[in-house]
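Chemist: predicted model follows, preceded by the sequence.
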Amino acid sequence: AALTVRFLTRRFIGEYGDMEFIYSHNLTVDGREILFHIWDVPNSQHAEEGSSEEKRIQWADSFVLVYSICDRASFNILPLKIQFIKAAKEGQNQEKVPIVIVGNKRDLHHQRVVSSEEGRLLALSLDCGFYEVSAAE
């Protein structure tokens, strides 16, 4: 949620509840007006395989999966979530689904438990993009 709000408003808010939101946002990219619809789903420590998770996956054209560099469990769940997304999306039309893995809280390097290299290697092994960021900064 912090990254979504930062993207939409350029402000950082540190505390969020456990609520799901859909945001719309216009942005000009390469001279073209793009309308983003962002379905911001709170982190769950398990990969849901129910109808609500499948509904989200079918709704989306691309995925940004965020983990905390200070929370190993949020990182460890990513392979299962990505496999679930790929099975649901790529099984339909054989097109590669755009997925980006983002390590958040780069500013809290003193609390880091997941290295940048681990994030990069996971993204490489799962054919995803990779970034590390700080919503706070």
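Modeler: Everything's here; your move. Numbers count the residues shown, from 1 in each chain.
Chemist: any regions of this protein where pLDDT drops low?
Modeler: Applying pLDDT under 70 to the chain picks out residues 1-21, 42-51, 91-94.
Chemist: all helices of it, in order?
Modeler: For the chain, the helices defined by DSSP state H cover 2-9, 51-59, 72-76, 78-93, 116-125.
Chemist: what sits against Leu27?
Modeler: Contacts for Leu27 (C-beta atoms under 8 Å, 6 or more residues apart in numbering) come out as 33-34, 36. Quick note: C-beta positions are derived from backbone N, CA and C, even for glycine.
Chemist: how about 6 Å then?
Modeler: Ile34 (C-beta atoms under 6 Å, 6 or more residues apart in numbering).
Chemist: about what we covered before: got JSON lines for the helices of the chain, with distance to Glu137 and mean neighbour count too?
Modeler: Shown next, in JSON lines, are the helices of the chain (distance: least, C-beta to C-beta, whole Å; neighbours: other C-beta atoms under 10 Å):
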{"stretch": "helix 2-9", "distance to Glu137": "10", "mean neighbour count": "16"}
{"stretch": "helix 51-59", "distance to Glu137": "29", "mean neighbour count": "12"}
{"stretch": "helix 72-76", "distance to Glu137": "19", "mean neighbour count": "16"}
{"stretch": "helix 78-93", "distance to Glu137": "23", "mean neighbour count": "15"}
{"stretch": "helix 116-125", "distance to Glu137": "16", "mean neighbour count": "14"}
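Chemist: for Ser24, find the nearest of these.
Modeler: Shortest distance between Ser24 and the helices of the chain, using C-beta to C-beta, is found for helix 2-9: 9.4 Å.
Chemist: how far away is Ser68 from Val133?
Modeler: 11 Å (C-beta to C-beta, to the nearest Å).
Chemist: what's the closest non-adjacent residue to Ile82?
Modeler: Leu126 (5.1 Å; C-beta to C-beta, 6 or more residues apart in numbering).
Chemist: number of nearby residues for that neighbour?
Modeler: 16 (other C-beta atoms under 10 Å).
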